[in-house]
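S.K.: What would the 3D arrangement of this be:
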Amino acid sequence: MKKLIYFILILLLPFSVYADSQLNKILSSGELKVGTTGDWDPMTMKDPATNKYKGFDIDVMNELAKDMGVKITFVPTEWKTIVSGITSNRYHLSTSVTKTAKRALVAGFTNSYYKYGTVPLVLKKNLNKFSTWESLNDNNVTIATTLGTSQEAKAKEFFPKSKLQSVEAPARDFQEVLAGRADGHITSSTEANKLVIKYPQLAIVPDGGKNPAVLAMMVDQSDQVWLNYVNQWIEIKKASGFFDDLLNKYNLKSL
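M.R.: As a prediction, this is how the structure comes out:
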């Protein structure tokens, strides 16, 4: 099936268009370069002891490279630079990010394969004080965000009265809450469920996930050949049950 998609693309497009595509360059070089932050549990996590990556997205990328018959290289990046890594051709695609209008101005998005909600976290001992989203929207409340993430914009939207405190990687927003320097932070329901297990002093504010968001890989928005190939690959893998198996492996449930 992979070869069929590959040859259809060649037949339908002028050779010059195909030759300039990332798809051709990846197959010619035998290497797929993937940008990833390595700090989003359980999507992409870097083991500091081995410098190797693991997680849902890492499994996705390894499967893509295997089906393409190429080796994979993970390129370290940060949330504040993950988009510029695409536009400057540092890597061929990124591990999943939240689709936003701002990112879509300069980068292309593949089809989505996961949807999540947004939830706030606070210290468990403060849960009575901060029991709703609205209780966090206050002049005396500090909300932490990680620079470059989609949560920065959401924090401004959800908590316009609050003081927003942005931190740069490798620091993370939830660490500010744990240290008492912020009252709360917001993140994906996916990460939140992992954080409260790893850090039992944290708790999710029980309002349910707001503002459902979808994840996708980022690619060069001008490279339709490469985008088409990855989209076809995603749909084939959805049909085969690959993504369902990964959701079960990581105990995830897409909204």
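S.K.: now the strands for the stretch 151-255 of the chain?
M.R.: With strands called from DSSP state E, counting those that start in this stretch, the stretch 151-255 of the chain shows them at 163-167, 184-188, 202-204, 210-216, 218-219.
S.K.: and these, which is most packed in?
M.R.: For these, ranked by mean neighbour count under the definition mean count of other Cβ atoms under 10 Å, the leader is strand 184-188 at a mean of 26. C-betas here are computed from N, CA, C, even on glycine.
S.K.: tell me the angle of it relative to strand 163-167?
M.R.: Note on geometry: by axes from the mean of the first three to the mean of the last three Cα atoms, to 10 degrees, strand 184-188 and strand 163-167 are set 60 degrees apart in direction.
S.K.: most centrally placed residue in the protein?
M.R.: Centroid check for the chain by Cα atoms, centre = their mean gives Val97 as the closest residue, at 2.9 Å.
S.K.: For Val122, see how far away the residue nearest to that residue when sequence neighbours are not counted is.
M.R.: Of all residues not flanking Val97 in the chain, Met218 sits nearest, at 5.8 Å (Cβ to Cβ, 6 or more residues apart in numbering). Met218 sits 31 Å away from Val122, going by Cβ to Cβ, to the nearest Å.
S.K.: go on, Tyr116?
M.R.: If you measure Tyr116 against Val122 using Cβ to Cβ, the figure is 19 Å.
S.K.: Equivalent analysis for Ala104, please.
M.R.: For Ala104, the distance to Val122 equals 31 Å [Cβ to Cβ].
S.K.: neighbour count winner among the two?
M.R.: Neighbours per residue, other Cβ atoms under 10 Å: of Ala104 and Val122, the larger number sits with Val122, 23 against 13.
S.K.: Correct me if wrong: that one contacts Leu202.
M.R.: Yes. When contacts are counted by Cβ atoms under 8 Å, Val122 is listed as touching Leu202 (7.4 Å).
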